[in-house]
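Enquirer: sequence unknown, structure follows:
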């Protein structure tokens with residue numbers, strides 16, 4: 001596999017001494033192939049520059065882990081863990097499938113970003129409409 005299957009961005013400068021989003025270099029922990037901890041690499045990458053109408057999002061932490069099999073069994077579902085190599089071609093194809101009606105999603109709740117806490121409570125068991133819980137980002 002040549003593309004990264006997961007990227008976690010660290011906003012620290014190349015030197016690691018500050019939190020400067022103006023730095024042209026960012027740190028990224030990347031996984032380029034399948035394997036254990038040994039395949040994880042910490043790299044300096046050019047910081048993306050958003051085009052007009054785009055937003056650069058700083059991710060301070062992200063988790064990747066196995067699903068809780070006990071919780072899945074309690075709900076009578078099968079939980080699987082997988083990583084996906086994301087590409088712009090793949091995302092364009094998903095958009096085409098959505099637009100054509102060949103792929104449908106089940107959106108249960110759409111909340112403003114300011115209700116992120118409520119969204120997490122819903123994920124933890126607070127009652128909500130069946131389907132995905134979405135956060136809407138207003139620019």
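Expert: Yep, it's here. Quick caveat: nothing in here was measured; it's all calculated off a predicted structure.

Enquirer: quickly list the domain ranges of the chain.
Expert: 1-62, 65-104, 106-139 (automatic domain parsing).

Enquirer: now the end-to-end length of stretch 44-59.
Expert: 15 Å (C-alpha to C-alpha, to the nearest Å).

Enquirer: that older thread, weakest of the domains of the chain by average pLDDT?
Expert: If you rank the domains of the chain by mean pLDDT, domain 1-62 sits at the bottom with a mean of 68.

Enquirer: can I get the domains of the chain in a markdown table including mean neighbour count?
Expert: For the C-beta atoms, the positions are set from N, CA and C on the backbone; glycine is no exception. Formatted as a markdown table, the domains of the chain follow (neighbours: other C-beta atoms under 10 Å):
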| stretch | mean neighbour count |
| --- | --- |
| domain 1-62 | 12 |
| domain 65-104 | 10 |
| domain 106-139 | 12 |
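
Enquirer: next SSE after the helix or strand hosting residue 92?
Expert: Per DSSP states H and E, residue 92 falls inside helix 88-100. Next along the chain after helix 88-100, taking DSSP H and E as the criterion, comes strand 107-112.

Enquirer: sheet-wise, list the partners of that next one with their directions.
Expert: Strand 107-112 pairs in its sheet with strand 132-136 (parallel), by DSSP bridges.
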